[in-house]
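1. Here is a sequence with its predicted model. Questions after.
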Amino acid sequence: MRVALVSTYPPTRCGIAVVVQYLARNLSKLGAEVHALACTDDYVDDGGVFVHKAWRDGSATYPLSVAWSAIKVKPDVVNVHHEYLLYGGVRYAPLFPLMLVLLKFLVRKPIVLTMHSVLPLSKLDKPFFRRYTKAVALTPLLRLGIWLITKLSAKLADLVAVTLEEGKKVLVSDYGISPEKVVVVKYGNVVYDGVSPARDSPKRGKKRLVFLGLPRPGRGLFDAIKMMKYLDDCELFIVGPDHPRAQGYGLLLEKLVREEGLQDRVVFVRKYVDGEEKLKILQQADVVLVTYDEEYIIGASTALGDVSYLGKPVVSHDVYKAREDLPPELLGKPNDPASLAKAVRYALENAEEVGEALRKKALSWTWEDFAKAYRELYSAAKA
């Protein structure tokens, strides 16, 4: 089977790029010929995956570029990965259905649409649009636009995959998509070869809390910093450069640290880490923070899958991205640093039990299992 994956792809730094790389590599191992139609440079040595520079971020021509690349690849099935700002931000998001129209009528192969985020209509209010656009006065029109983009996109696809059960419910209830058309496939978990789960953290004066990712609005880092006032025996490491769409955000976080007088217990490591360096940082943590304060976006977390196998306790916010995977004791309320600190304290006091439960869950659903589920989706779309 020849599969075309339309998405971002490493070295582009975003969560969806990582998901698609895991999917592509594991599909290749399962015998598929995989072509990633991405916005990065061409190369063909990524675990047997053929990577094509098929579109340019921030360009209005991406629907045409992707369709032309797909025509040249001649796939058996096209898997398009979607997030509302993925293909050029707010300005060109409305062009996404046009890309699906061109793929449908020019490539003439089944389309599987993966929606990494689903937006409940009830959450699309003025505060939501204030976060992403200056046109708050146009809230009713913008809400209608999102409804149209989502409904059209799902209608044009042969099957739609989402990452959480709640996402399926919202597509059915808010957007009128047939439940038979929507399939839930949760993100996989990384299993590190030759790595044993951590039983004892390194001996040091303070407990180490680690956030590892790309800081941006929505990642709950204001809460994470403010909670340190309640955790005198802990230090917080925030590891990663600013998200490409949030340049300068780290400066706001550093300012908050100074205002709260936490310079001696909050450390910034402003670089992108991967591979052995990433693994080492996670292994040195007593608790890993996978925080989000985006209560209005339904989608899973790739960061949780990166750490679960290691047997480390994980703390997050009580939002869609985490509540299906973590017990309530490990979830803090958004905009409530004290409740987040309480969850961290619970994680520290029950580290072995919490870590082992996460590890068992990780072993039950890996990225290979994720790829097998998608292979079945592709076969169903072709049938």
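-> Yep, it's here.
2. so where is this structure shaky, pLDDT-wise?
-> Scanning the chain for pLDDT under 70 picks out 44-45, 132, 134-137, 196-204.
3. redo that, cut-off 80
-> 41-47, 88-90, 126-139, 193-205, 245, 383 (pLDDT under 80).
4. Scan it for its longest helix.
-> helix 139-156 (DSSP state H).
5. following it, which helix or strand comes up?
-> strand 159-162 (DSSP states H and E).
6. helices or strands up against the longest helix of the chain?
-> helix 96-102, strand 111-115, helix 126-132, helix 165-175 (3 or more CB pairs under 8 Å, 6 or more residues apart in numbering; DSSP states H and E). In short, each C-beta sits where N, CA and C put it, glycine included.
7. list the helices and strands the second one packs on?
-> Which is strand 111-115. strand 77-82, helix 139-156, strand 159-162, helix 367-382.
8. Of all the helices and strands packed on helix 139-156, which one is nearest L156?
-> helix 96-102 (4.1 Å; CB to CB).
9. Contact partners for the most centrally placed residue in the chain?
-> Central residue of the chain (CA atoms, centre = their mean): G15, 4.2 Å from the mean position. Counting by CB atoms under 8 Å, 6 or more residues apart in numbering, G15 touches 116, 301-303.
10. same thing but at 7 Å, please
-> The contact partners of G15, by CB atoms under 7 Å, 6 or more residues apart in numbering, come to T302.
11. One more: V77?
-> 1, 3, 109-110, 112, 378, 381-382.
12. Mind doing that once more with 10 Å?
-> 1-5, 32, 107, 109-112, 158-159, 374-375, 377-382 (CB atoms under 10 Å, 6 or more residues apart in numbering).
13. Surely A351 and V287 touch.
-> Yes. At 7.7 Å, A351 and V287 qualify as touching, with contact defined as CB atoms under 10 Å.
14. Neighbour count for the two, which is higher?
-> Shown here are A351 and V287; by other CB atoms under 10 Å, V287 has more neighbours (26 against 20).
15. pretty sure the more buried one is touching K206, no?
-> No. The pair V287 / K206 is not scored as a contact, 11.8 Å apart, by CB under 10 Å.
16. Pull up the overlap in contacts between the two.
-> With CB under 10 Å, 6+ apart, V287 and K206 have common neighbours 231, 234, 236.
17. Can you give me the neighbour number for V73?
-> 20.
18. how far away is it from H35?
-> Distance, V73 to H35, by CB to CB, to the nearest Å: 5 Å.
19. Ok, Y192 next?
-> 28 Å.
20. The two: which has the busier surroundings?
-> A direct count of neighbours by other CB under 10 Å for Y192 and H35 places H35 higher, at 25 against 14.
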